[in-house]
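Asker: return atomic coordinates for the entry below.
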Amino acid sequence: MHKDSFDYIIVGAGSAGCVLANRLSKDPQTRVCIVEAGGKDSSPRVQVPAGILSLYNDPKYDYSYMSVPQPGLNNRRIPLNRGKALGGSSAINSMLYIRGAASDYDEWAELGCDGWAWDDVLPVFKDLENNAIGQDPKYHGTGGELHVELHRDPNPVGKMFIKAGRAAGLAENTDMNGETQEGLGIYNVTQHDGKRWSSYRAFLHPVRDRANLTILTGTDTKRVVVENGKATGIEVSGPEGQKLLKAEKEVILSAGAINSPELLLRSGIGPAAMLQAAGVRVAHDLPGVGQNLRDHVDGMITVRSRSTKTLGLSVRNLPSMIAAPFRWLAQRKGMFTTNYVEAGGFARTKYAGDNPDIQFHFVPGYRSHRGRVIEYGHGYAVHTCVLRPKSIGEIRLGQNGALAIDPKFFSDPQDAEVLVEGIKVARSILGDSTFDAIRGVEMLPGKQVDSDARIFDYLRDAALTVFHPVGTCKMGTDEMAVTDPATLKVRGVTGLRVADASVMPTLIGGNTNAPTMMIGEKCARMILTEAA
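Answerer: Predicted coordinates for the structure are as follows:
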């Protein structure tokens, strides 16, 4: 058999792709190739939790996409960081283990995605998980590859946030993946022995030496080859130049909610009129490709404080900074253990229904009021995001073939209304007397931003995203569905599936890393069941 021929080709070694490669290559007779545009994850910057600040916007690890100008956000272009390495975005994220609410998945089933209700997906989450915390076995597993742990050395200011939350009526929640999401707590993290535990480290690295498994890094997928309505392989550009990889059985796109629809579009699969205008030959008219883009829009409050209890870059903090690498190497403790968003949780605004509608990511360190990655000094910050946004965007190809990412933030006014209320709830927490000992100056939005109208103006000028794009190859039964819920096969094209966050029909209420791994596992089971 030709060396460039495989049974299955997986595009993207991210949260879902690594799970798929593990499961499909378990049979030594099945030849699997996984193709990753990025490189290795072995750098200490990836492995040490605190290294995440050095990864964002580094072209070695981050695609660093930018949106098109957003009218709802004063025509700003919004950064959209996505991981580019073995592990995908799980190699650069904040390592939070959150699944979303049970009702999120029940809604998927109500939308026609049979087999994706909470009772269907919970066993899959449990099978993937190796919970080292001793949490309720009704909701957690201990036999999987994905290590889930408590933060090794949380900053005490995070505990202050949790305590202050009680003044706002928010109870402490020690398991936001248990019976209820609501409340504040220290987040569970996907770490092992104080190190990042990405999808690659959990699922692919342990089996990387399988003879039937080929892992290609630094290899960019240009398009899916479609012949007579069937995906037969992919065209790639890598260390050996440009070539074709042949898939005897299937191609599976696990390249993420931006790259997977982009690949379909560049392969001629998508809305015919758009493709023709972009100069792409139409292989299959599929109008939903690139549509239904959803993401968590986010607003920040940042406070400058003199307290060295908080993380920070300062002369007074120099002893802790010097000791940090040694403490991490010897004990897996200290500043290097931080994932920065150590604490947070879920709350309701006056607009909430049955579930929380906002999520907090609390940072026990100063977040720059000027947009810098690192700012001198100390402080603390809280990010507030809209959990279930109504604004729906799209990904498209322009007339010159350029990729255009348009989340359409605040195109539905309810998202802005929820986020304004969320900022007010966050302020009520930070305003509690618990913070008096480290009280500082609110740099953003600033005390002068004291009305709903002024908060809204601030958000239009400063809101960003917490990097949870989904939905652009959504599964379903309506005319805009791209993938079949029962198989994750692309409608109208044989030999082609999509398995990543792009198949989510709606955005779940929480971080998307763990749900994307679940999608990869579900897809693998579909394929193996069909092959049996």
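
Asker: pretty sure Leu204 is touching Leu86, no?
Answerer: Yes: under the criterion of Cβ atoms under 8 Å, Leu204 makes contact with Leu86 at 7.0 Å. Just so you know, the C-beta spots here come from the backbone N, C-alpha and C atoms, and that holds for glycine as well.

Asker: overlap of the contact sets of these two?
Answerer: Common neighbours of Leu204 and Leu86 (criterion: Cβ atoms under 8 Å, 6 or more residues apart in numbering): Ala13, Cys18, Ile215.

Asker: leaving aside the residues next to it on the chain, what's closest to the last one?
Answerer: In space, not counting the residues next to it along the chain, Ile215 is nearest to Ile34; the distance is 5.5 Å by Cβ to Cβ, 6 or more residues apart in numbering.

Asker: ok, Arg306 touching His378?
Answerer: Yes: judged on Cβ under 8 Å, Arg306 makes contact with His378 at a distance of 6.4 Å.

Asker: the more surrounded of the two?
Answerer: A count of neighbours by other Cβ atoms under 10 Å puts His378 above the other of Arg306 and His378, at 25 against 15.

Asker: ok, the more buried one to Ser320 distance?
Answerer: Counting by Cβ to Cβ, to the nearest Å, the gap from His378 to Ser320 is 11 Å.

Asker: mutual contacts of these two, please.
Answerer: If you check His378 and Ser320 against Cβ under 8 Å, 6+ apart, the residues they both contact are Thr308.

Asker: got a list of what Lys350 touches?
Answerer: Glu421.

Asker: I'd like to know how far it sits from Gly72.
Answerer: With Cβ to Cβ as the criterion, Lys350 and Gly72 are 21 Å apart.

Asker: for the biggest strand by length in the chain, which strands pair with it and how are they oriented?
Answerer: Longest among the strand segments of the chain by residue count, using DSSP state E, is strand 241-253. Strand pairing for strand 241-253, using DSSP bridges, gives strand 5-11 (parallel), strand 230-238 (antiparallel), strand 496-498 (parallel).

Asker: and it, how far from the chain's centre?
Answerer: A distance of 26 Å separates the centroid of the chain from that of strand 241-253, by Cα atoms, centre = their mean, to the nearest Å.

Asker: what mean pLDDT does the helix or strand following that strand get?
Answerer: The first helix or strand that comes after strand 241-253 along the chain, using DSSP states H and E, is helix 256-266. For helix 256-266, mean pLDDT is 98.

Asker: now do helix 256-266: which elements does it pack against?
Answerer: Judged by 3 or more Cβ pairs under 8 Å, 6 or more residues apart in numbering; DSSP states H and E, the packing partners of helix 256-266 are strand 5-11, strand 220-227, strand 241-253, strand 394-397, strand 403-406.

Asker: tell me which of these lies nearest to Glu172.
Answerer: Smallest distance to Glu172 across the helices and strands packed on helix 256-266 (Cβ to Cβ): 37.7 Å, for strand 403-406.

Asker: buried stuff in stretch 306-320?
Answerer: Ser307, Thr310, Leu311, Gly312, Asn317 (16 or more other Cβ atoms under 10 Å).

Asker: who touches the fourth one in this structure?
Answerer: The reference is to Gly312. Taking Cβ under 8 Å, 6+ apart, one finds Gly365, Tyr366, Tyr376, Gly377, His378, Gly379 in contact with Gly312.

Asker: number of residues surrounding Pro71?
Answerer: Neighbour count of Pro71, defined by other Cβ under 10 Å: 14.

Asker: which one is it nearest to, not counting chain neighbours?
Answerer: In space, and not counting its chain neighbours, Pro71 is closest to Ser411: 7.7 Å by Cβ to Cβ, 6+ apart.

Asker: what's the distance between the one you found and Gly143?
Answerer: Counting by Cβ to Cβ, the gap from Ser411 to Gly143 is 44 Å.

Asker: more crowded one of these two?
Answerer: For Ser411 versus Gly143, neighbours defined as other Cβ under 10 Å are more numerous around Ser411 (17 against 10).

Asker: what kind of secondary structure is that one in?
Answerer: Under DSSP: H, G, I helix; E, B strand; the rest coil, the three-state class of Ser411 is coil.

Asker: let me know the pLDDT of it.
Answerer: pLDDT recorded at Ser411 is 98.

Asker: so Gly38 is in contact with Ala85, correct?
Answerer: Yes: using Cβ under 8 Å, Gly38 is in contact with Ala85, at 3.8 Å.

Asker: which residues are common contacts for these two?
Answerer: By Cβ under 8 Å, 6+ apart, Gly38 and Ala85 have these common neighbours: Lys60, Tyr61, Ala91.
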